[in-house]
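have a look at this prediction, sequence included:
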Amino acid sequence: MQAAITPAMLWTLLGAVVYPLWLLAGVADVWVHRRDRIELHTGTHESWMHVAMCVQMGIPVLLVLFLEVTAPVFLIAAAAVLVHGWTSWRDSRFADRVRHIGPGEQKIHVALDAIPWVALALLAMLYAPVLRGLVGPGDADWRWRLRDPAFPPAVVATVVATSLLLGLLPSVLELLRARRATAAL
């Protein structure tokens with residue numbers, strides 16, 4: 001007899017594996033950028049794209065933290081992942097023209113590009129019945145409502161704090177370094 005994959009397993013995979021890997025890949029990318037002093041090659045342009053990608057992924061993270069995943073929440077998350085992928089492509093295309101992107105950084109970018117899609121797929125699996133109307137017969141749930149039950153406050157605080165400290169803050173600091181480097185020219 002096969003064991004069924006439970007929602008608890010999917011949430012554990014999303015929260016204890018996928019999300020931390022995404023944060024670690026982001027920290028690794030910022031570390032490589034700092035080591036390579038990208039601000040001397042790309043000015044603020046590349047760093048602005050990094051901040052934009054953090055914001056693009058922050059939107060679905062916050063929506064899922066606080067709202068029930070219904071059709072509009074899922075579609076916004078899917079749109080954010082699509083826009084993030086496009087921004088990432090533009091970022092790499094721009095950077096490739098002005099600086100060397102080594103194999104290590106390329107592998108980090110693969111993770112940063114793939115992980116949001118994995119998270120979106122897990123979300124679709126978790127909320128398949130709610131979303132079924134988006135892809136087949138039936139009515140999708142278009143209501144907006146707060147998550148019930150809400151995630152425990154410790155989970156919310158951990159996700160928000162780690163997103164800010166390990167996601168957005170390093171990119172903002174990179175942007176500030178780039179602004180200082182540009183001003184010094």
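Everything's here; your move.

on the three-state scheme, the nearest residue to Leu63 once chain neighbours are set aside is what?
Of all residues not flanking Leu63 in the chain, Val73 sits nearest, at 5.0 Å (Cβ to Cβ, 6 or more residues apart in numbering). No exception for glycine: its C-beta is placed from N, CA and C like everyone else's. State at Val73, reduced to three classes by DSSP: H, G, I helix; E, B strand; the rest coil: helix.

and the residue most central in space within the chain, what pLDDT?
In the chain, the residue lying closest to the centroid (Cα atoms, centre = their mean) is Met57, at 3.6 Å. According to the predicted model, the pLDDT of Met57 comes to 96.

which of the residues in the strand or helix carrying it are buried?
Counting by DSSP states H and E, the element that carries Met57 is helix 45-66. Using 16 or more other Cβ atoms under 10 Å as the burial criterion, the residues of helix 45-66 that qualify are 46-50, 52-54, 56-58, 60-61, 63-64.

same question, stretch 9-29
Buried residues in stretch 9-29, defined by neighbour count with 16+ other Cβ under 10 Å: 10, 13-15, 18-19, 21-23, 25-26, 28-29.

stretch 158-167 now?
Within stretch 158-167, the residues that qualify as buried are 159, 163, 166-167, counting by 16+ other Cβ under 10 Å.

chain center to the helix or strand of the chain with the lowest mean pLDDT, what's the gap?
Taking mean pLDDT, DSSP states H and E as the measure, helix 128-135 is the helix or strand of the chain with the lowest mean score, a mean of 84. In terms of Cα atoms, centre = their mean, to the nearest Å, the centre of helix 128-135 is set 23 Å apart from its chain centre.

next SSE downstream of it?
Scanning forward in sequence from helix 128-135 by DSSP H and E, the next helix or strand is helix 153-162.

same for the next helix-or-strand element following that next one, what does it pack against?
With elements assigned by DSSP H and E, the helix or strand that comes after helix 153-162 is helix 169-184. Helix 169-184 makes packing contacts with helix 19-36, helix 39-42, helix 45-66 when contacts are defined by 3 or more Cβ pairs under 8 Å, 6 or more residues apart in numbering; DSSP states H and E.

where among those is average confidence lowest?
Checking each of the helices and strands packed on helix 169-184, the one with the poorest mean pLDDT is helix 39-42, at a mean of 87.

and Met1, what pLDDT?
63.

my bad, Thr182
The confidence metric pLDDT takes the value 87 at Thr182.

ok, and the closest non-adjacent residue to it?
Counting by Cβ to Cβ, 6+ apart, Thr182 lies nearest to Gly43, which is 4.9 Å off, once chain neighbours are set aside.

so who does Val61 touch?
Applying Cβ atoms under 8 Å, 6 or more residues apart in numbering to Val61 gives the contacts 159, 163.

Ala124 too?
74, 131.

what about it, distance to Ala25?
22 Å (Cβ to Cβ, to the nearest Å).
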